[in-house]
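**Q** Quick one: sequence and predicted model below, then my questions.
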Amino acid sequence: MPPLILIPVYNHERGLATMLDGLRASGMPCLLVDDGSEAGCAKALDAMVAANPGWLSLHRRARNGGKGAALMSGFVEAERRGHGHVVQIDADGQHDTADLARFVAASAAAPEALILGQPVYDRSVPAGRRIGRYLTHVWVWINTLSLAIADTMCGFRVYPLAPVLEVLAQERLGERMDFDTEIVVRLHWRGLRVVNLPTPVRYPADGVSHFKLWRDNLLISRMHARLFFGMLWRLPRLLARKFA
């Protein structure tokens, strides 16, 4: 069975139809996870699904829980449908859908690996975002004792589903913007191979971002602290693996 394209959506109806046009040609099934969007977006999503029968489907959450919560719901639904891999692509218009074939090919060449987008920015990226991302990179390198992971915040990636569901069954992960980084670190701790795939990332002038400066930075800071203490008790095993 082909991978499932999974798109978490929260009031992202603007530009989403254009994004879907870029994904449809792949022939891979696509699932929108509506994370409790407002009525206007919910209606637009229903119309998109009705216009793409058999290819596009919708999983609706009753209330907004955050990007991580939406993705976790999508992973469970993907397993129910029998998929072994999930392609995550965010709905904010930052990613180049033409790169989908490259991500799928990389996953086919290494089906056991986590394929992570490594952003190649243009001039649209805000300086503050670059600095914030770099700080997260440093903490990830510390918490994994490795430079193997180039970026944990890019919303374009391919997950092998089985190890992801294993983590979700055994750990409690952050449900908002902290999820993308935490799941990668925890998968790396378990020995999952990471493949970094450079991909263009732009910040559209009319793009919609739901990153809440104080709330999400606090959640991310807590997540890094939690992972740091998790790394400490895993330290002997991580060092043994590093020098093996």
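**A** Perfect, thanks for sending it. Bear in mind that the values here come from a model prediction, so they are computed numbers and not experimental data.

**Q** Could you pull up the residues touching residue 201?
**A** Taking CB atoms under 8 Å, 6 or more residues apart in numbering, we find residue 201 in contact with 94-95, 117, 119-122, 125, 154, 156. Where C-beta positions appear, they are placed from N, C-alpha and C, glycine not excepted.

**Q** For residue 3, state which of those is nearest.
**A** Distance to residue 3, by CB to CB, is smallest for residue 156 among the contacts of residue 201, at 12.9 Å.

**Q** what is that closest one paired to in the beta sheet?
**A** In this structure, residue 156 has the following beta-bridge partners (DSSP bridges): residue 89.

**Q** Could you report the neighbour count for it?
**A** 24 (other CB atoms under 10 Å).

**Q** any idea how far it is from residue 184?
**A** Going from residue 156 to residue 184 by CB to CB, to the nearest Å gives 13 Å.

**Q** One more: residue 9?
**A** Summarising the geometry, the distance separating residue 9 from residue 184, computed by CB to CB, is 22 Å.

**Q** ok, which stretches of the protein are strands?
**A** For the chain, the strands defined by DSSP state E cover 4-9, 30-35, 56-61, 85-89, 114-121, 156-160, 194-201.

**Q** Indicate which one of these is closest to residue 145.
**A** Distances from residue 145 to each of the strands of the chain were compared by CB to CB, and the smallest falls on strand 194-201, at 13.7 Å.

**Q** relative to strand 156-160, how tilted is the closest one?
**A** With axes from the mean of the first three to the mean of the last three CA atoms, to 10 degrees defining the directions, strand 194-201 sits at 150 degrees from strand 156-160.

**Q** What average pLDDT does strand 194-201 get?
**A** Across strand 194-201, the average pLDDT comes to 96.

**Q** Could you tell me the angle between that strand and strand 114-121?
**A** Using the same axes, to 10 degrees: strand 194-201 against strand 114-121 is 30 degrees.

**Q** Neighbours of residue 169, how many?
**A** Taking other CB under 10 Å as the neighbour definition, residue 169 ends up with a count of 7.

**Q** now swap in residue 115 and tell me
**A** Under the neighbour criterion other CB under 10 Å, residue 115 is assigned a count of 26.

**Q** where does it land on pLDDT?
**A** At residue 115, the predicted lDDT confidence score is 98.

**Q** and the closest residue to it other than its chain neighbours, what is it in contact with?
**A** With CB to CB, 6 or more residues apart in numbering as the criterion, residue 115 has its nearest non-adjacent residue at 3.9 Å, and that residue is residue 158. With contacts defined as CB under 8 Å, 6+ apart, residue 158 is in contact with 3, 85-88, 103-104, 106-107, 114-115.

**Q** Report the separation between the spatially most central residue of the chain and residue 104.
**A** Within the chain, the residue whose C-alpha comes closest to the C-alpha centroid is residue 155; the distance, by CA atoms, centre = their mean, is 4.2 Å. For residue 155, the distance to residue 104 equals 16 Å [CB to CB].

**Q** just how off-centre is the lengthiest helix in the chain within its chain?
**A** For the chain, the longest helix by residue count, based on DSSP state H, is helix 213-242. A distance of 18 Å separates the centroid of the chain from that of helix 213-242, by CA atoms, centre = their mean, to the nearest Å.

**Q** Could you dump the contacts of residue 201 into CSV with distance to residue 144 added?
**A** As requested, the contacts of residue 201 are exported to CSV (distance: CB to CB, whole Å):
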residue, distance to residue 144
94, 25
95, 24
117, 18
119, 19
120, 22
121, 23
122, 28
125, 24
154, 16
156, 20
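
**Q** could you measure residue 175 against residue 61, distance?
**A** With distances defined as CB to CB, the gap from residue 175 to residue 61 amounts to 11 Å.
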